[in-house]
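Undergrad: Task: produce atomic coordinates for the following.
(chains A and B)
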Amino acid sequence: MAVYLPKGTRDFLPEQMRTRLFVLDTVRSVFSRFGFEPLETPAFERIETLTGKYGDEGDKLIYKILKRGAGAERGECDQALRYDLTVPLARVVAMNPDLRMPFKRYQTQPVWRADRPQRGRFREFWQCDCDVVGTKSPLAEAECIAVALAALDALGLPGAVIRLNDRRILRSIAVAAGAADKEIPFLICLDKLDKIGRDKVSAEFGRLGLDDAAVAGVWDVLTVPDGHDPALDSLEAALDDAGREGVDTLRAVLDAVGRMGVALDRVQIDPTLARGLDYYTGPVFEISLPAGDIGSVGGGGRYDGLVGMFSGRDVPAVGIALGIERIIMVLEEQGKLSSQRTTADVLVTVFSDEQRNTSLSFATRLRSAGVKTDLYLGEGNLKKQLKYANARGYPNIVIIGPDESERGEVTVRNLDSGEQSKLSAGDAVRSLTHS
RNA sequence: GUGGAUGUAGCUCAGUUGGUUAGAGCGCCGGAUUGUGAUUCCGGAGGUCGCGGGUUCGAGACCCGUCUUCCACCCCA
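TA: Residues are numbered from 1 along each chain as shown, chains lettered A, B, ... in the order given. Alright, predicted model coming up:
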């Protein structure tokens, strides 16, 4: 039978898992270094937990799960696969009022979106999310930005930059333009600026009911000078009190980020950054890499109202997510991934039936010494085993034939250089331990 | 969800206006001193031409449908 994967999903074969685990391990260790605690939640949630949080477009992309029994025949759904890691976190916080605030958690799990796949876009993909819950302090934003950049640094992507804006600034602009009741559509139009340009966005604003003067006013406010302070000063002068709160927050975030050791040219004020998700209330950010037109590799923002949607208890929160699929694509394109294709660092070959136990013992000894060791389990002569080792990409192999066996030696061969030497078993263990 | 491309050996692709047994490179298997891969030489295996219909004396080539992958839109990581 013809067999293939569901659209937008992938198997991760061992060679790919190596890089995925490298990225995940790296990100998790950086998150831990900043004091974030691990959390996992179920793959699926009750459907009402997810709907109404992401906006109309987002809701359409939620993977729904049919009810069991008669409900399924009527097409009814009561559960759905998680769309992101932020809403499940808000649900967890609402259900666990005893959590000591501020609560900092990280979560690296797959999420699902019923999107049409494209380059760097899948229906099942992993997010690395870290959030600070329970404080309105702009230090929380600063930590999110700092930890995300630190994670990308650790992955070998020091060129990552964060664009920063605040929803209150955007709302203030929308209100001034007379679009107070159309804030979300206003944001969606604005978000397209990068792609379709100012003229087309202006035309869409017109369709929303903004007159020419209002549109001109919007561009006037959004056009800011370079540099953090000039940009923020310009916005401050143009906005109402509510918008100025956003400006003040961004000033505090920038100050704290600088004190956390982040180079300030890695954070850019971009008043046109909108982001689609409905739940953001304050600062929003998006992470871009200079190389490759791959879209953003991460994003986030403050969502002070989300927990309250579950518990009625307002709990402020802010978070950021890294998308590892896109990060891996960039790492691959830049050749920044290790070329080793096996987990084991050495393959112990089996010279003959007579020598099998000698090889087995030596492999065991290597493993005890902490060397990642594979023992050849197939059939075949030495030549075949060498070809196998070469194809699999082991850095080293060990050969123990009758000659070596007699003298208590083993041959260690490096497959990259082709160099080999006969060593005593103890020296061989030491040599492989340090290779 | 909308629009556009794509699908031929394990992989990357050729395949002329429809015409005999469908090709190449790489890979794979075997051999070239039976204790040495990756290099070289020789030989070999391997294809329901995505799937299902249709047109035709004849379809890998044309038409319809369907699925896959990819690109753009939408939105996002």
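Undergrad: Could you list the residues in contact with stretch A:165-173?
TA: Residues outside stretch A:165-173 that contact it (Cβ atoms under 8 Å, 6 or more residues apart in numbering) are A:183, A:186-187, A:190, A:218, A:221-222, A:235, A:239-240, A:242-247, A:249-250, A:269-274, A:280-285, A:301-302. For glycine as for every other residue, the C-beta is placed from the backbone atoms N, C-alpha and C.
Undergrad: May I see the ChimeraX selection of the buried members of those?
TA: This is how ChimeraX selects the buried members of the contacts of stretch A:165-173, with burial counted by 16 or more other Cβ atoms under 10 Å:
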select /A:183,186,187,190,218,221,222,235,239,243,244,245,246,247,249,250,269,270,271,272,273,274,280,281,282,283,284,285,301,302
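Undergrad: Can you report phi and psi for the residue of chain A found nearest RNA strand B?
TA: Using Cβ to the nearest atom of the strand, residue A:276 is the residue of chain A that sits closest to RNA strand B, at 1.3 Å. Residue A:276 adopts backbone torsions of phi -80, psi -30, taken as degrees, to the nearest 10.
Undergrad: Wait, it touches residue A:58, no?
TA: Yes - using Cβ atoms under 8 Å, residue A:276 is in contact with residue A:58, at 7.0 Å.
Undergrad: Neighbour count: those two, which is higher?
TA: residue A:58 (20 against 15; other Cβ atoms under 10 Å).
Undergrad: The more buried one: what secondary structure?
TA: helix (DSSP: H, G, I helix; E, B strand; the rest coil).
Undergrad: quick one on the thing from earlier: which ones among the contacts of stretch A:165-173 are found in helices?
TA: Using DSSP state H, the subset of the contacts of stretch A:165-173 located in helices is A:183, A:186-187, A:190, A:218, A:221-222, A:235, A:242-247, A:249-250.
Undergrad: Pop the domain breakdown of chain A in here.
TA: Per the record, chain A has its domains at A:14-333, A:346-433, by automatic domain parsing.
Undergrad: need those in CSV with mean pLDDT, can you?
TA: As requested, the domains of chain A are exported to CSV (pLDDT from 0 to 100):
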stretch, mean pLDDT
domain A:14-333, 92
domain A:346-433, 93
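Undergrad: highest average neighbour count across the ones you listed?
TA: Each of the domains of chain A was scored by mean neighbour count; the highest is domain A:14-333, a mean of 18, by mean count of other Cβ atoms under 10 Å.
Undergrad: for it, how far is the first residue from the last?
TA: With Cα to Cα, to the nearest Å as the measure, domain A:14-333 spans 19 Å from end to end.
Undergrad: And stretch A:322-342, by the same measure?
TA: Stretch A:322-342: ends 27 Å apart by Cα to Cα.
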